[in-house]
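Colleague: Predicted model and sequence below, questions to follow.
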Amino acid sequence: TSIAFTIAEEMKAAKRLAATFFFSHKHAQKAAVIIPTIAYQLAIAFPRIRDDIVKVIENDDSLLSPGKSHADQMRELVIKPLKTLRFREEPYAIIIDALDECFSSDEAARLVTLLTDTLAGPDLPFIHVVFTSRPEAHIRAAIPTGVHEILLTTRDDDTIRDVRFFLRTSLDKTRTIRPAVFGQPPFPWPSENEFETLVFKAGGLFVYAAMTMNFISAAGHHPQERLELLLREKSTVGADIDQLYRQIIETSEDPPAHCRMLASVIRLANPLPLAELQELFYADKRSLAMMLEAFSPVILNDGVGRVEIYHASLRDFMRNPLRSKQYHIDRAHVHEHLACCCLDFIIRQDSIRTRAILASPPDYPYPYRLWEIHLQFAYPSSKLRNLLALFAGKTLQHWVQTPFDCFELALAFQGARMTCLSLVIV
């Protein structure tokens, strides 16, 4: 992402940047917005085609709807307007960063194919399309032959030297700001052998080094004890990030409960602020707090903004049973936990609060917006069945008496029937 951002800045300075789109697991971007966003940026970058794009949208505003196909959007909003610029000699760049972050496998592959095929067509200005992604097999398979591929390595001498410098500087800072532990002036730490082992374990991977330092320097813990814990288990390869995650999990007081909570936070449709998480996981507030503390080296949480995982590799680790092993929580049970929490939140609201919420569709809290999605994929536990029965007996009447979309509600309950096999609703 840093490289993509640098390229974008240089292309912009050279007046050769056509458009960018930076995906991130931290933000709930949808595949539907990418082509309209590119079209908007093209209109800004090239005022000559701005009126053409505006007229197309005025004639068919469905081009901006989520249901419109990418191919239609690309043809009308991007390709046709760009033909006006076909005689320009300078090459331009469109940069799409982190394809693997927010797309499904199929969506990512289709986007790569769509952009490379359509932008290589005749009567168009010359445009470089720059994709960045982890080397996922489905994305690499979608790249047409002849496309130049640049693989980034973490084992070259320059990268390893940079990671070594980062670790040395970070450890020195930890030593300096903890006089109660290391004395004043601070005594040398760590030993040369410990430092070299840590450098080897980082393996040239900055994210490993950064999370390692978060773990070692966590408040309330002795840095040497944390370092010894990391070094206790020998690695045969550098940058064994799965081993790091397992070691962090093992330091928590209740690994199974905290892994379930972590898996639920990761499985949310979009990241939530801490206050909203506390409301969602109302019955598990203590487990949430302890999980956030135990996993603070790999979770971003300032108490104000959204609670987010530090790196996408944690999401991959938790979702892959071959990687997380005994700490894996299967998808159905994660959705069961989230569906139960959503229903519990909805049931806890009194009638006045329920009507007020349902009267403002754009401002629905997370449980009101996504309870049926989690329900659709949930394991049909007895707890979930009981909560559905409570919802049907206590809260459903308020939903029916408001402008809430009854068709959508009917579909949700049809899904509930399929999920839980039987339901006391007719």
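Modeller: All right, it came through fine. Residues are numbered from 1 along each chain as shown.

Colleague: low-scoring pLDDT stretches of this structure, where are they?
Modeller: Across the chain, residues meeting the criterion (pLDDT under 70) sit at 25-31, 102-104, 235-239, 361-362, 398-426.

Colleague: now the helices for the stretch 151-300 of the chain?
Modeller: 157-177, 179-182, 192-202, 206-216, 223-232, 241-250, 255-267, 274-280, 285-294 (DSSP state H, counting those that start in this stretch).

Colleague: Next, the closest residue to residue 260 other than its chain neighbours: secondary structure please.
Modeller: Spatial nearest neighbour of residue 260, excluding adjacent residues (Cβ to Cβ, 6 or more residues apart in numbering): residue 329 at 5.3 Å. Heads up, the C-betas are built off the backbone N, CA and C, glycines and all. Applying DSSP: H, G, I helix; E, B strand; the rest coil to residue 329 yields a three-state assignment of coil.

Colleague: With the one 10 residues further on instead?
Modeller: Here residue 339 takes the helix state, with states given by three-state DSSP.

Colleague: need the contact list for it.
Modeller: Neighbour list for residue 339: 371, 374-375, 378, 384, 387 [criterion: Cβ atoms under 8 Å, 6 or more residues apart in numbering].

Colleague: Show me the two of those residues that sit farthest apart.
Modeller: Using Cβ to Cβ, the pair of those lying farthest apart is 374 and 387, separated by 11.8 Å.

Colleague: Comparing the two, which shows the higher neighbour count?
Modeller: Using other Cβ atoms under 10 Å, the more surrounded residue of residue 374 and residue 387 is residue 374, with 25 against 21.

Colleague: just checking, the more buried one touches residue 333?
Modeller: No - Residue 374 is beyond contact range of residue 333, at 11.4 Å (criterion: Cβ atoms under 8 Å).

Colleague: Okay, buried residues for stretch 317-332 please.
Modeller: 317-319, 323-324, 327-329 (16 or more other Cβ atoms under 10 Å).

Colleague: do the same with stretch 259-271
Modeller: 259-268, 271.

Colleague: between those, which is closest to residue 232?
Modeller: Nearest to residue 232 among the buried residues of stretch 259-271, with distances taken as Cβ to Cβ, is residue 259, at 20.8 Å.

Colleague: Pull the contacting residues for that closest one.
Modeller: 249, 318, 324, 327, 329.

Colleague: biggest separation within these, which pair?
Modeller: 249 and 329 (11.6 Å).

Colleague: and the helix or strand where residue 55 lies, how far from the chain's centre?
Modeller: If you go by DSSP states H and E, residue 55 is part of helix 50-59. In terms of Cα atoms, centre = their mean, to the nearest Å, the gap separating the centre of helix 50-59 from the centre of its chain is 33 Å.

Colleague: Can you give the contact residues for the next helix or strand after it?
Modeller: With elements assigned by DSSP H and E, the helix or strand that comes after helix 50-59 is helix 70-73. Residues from elsewhere that reach helix 70-73, judged by Cβ under 8 Å, 6+ apart: 31, 34-36, 39, 63, 110-111, 114.

Colleague: Quick one: distance of helix 70-73 to the chain centre.
Modeller: 25 Å.

Colleague: Report the buried residues of that helix.
Modeller: Quick answer for helix 70-73 (16+ other Cβ under 10 Å): 70, 73.

Colleague: again with stretch 341-360
Modeller: So for stretch 341-360, counting by 16+ other Cβ under 10 Å, buried means 341-346, 349, 354, 357-358.
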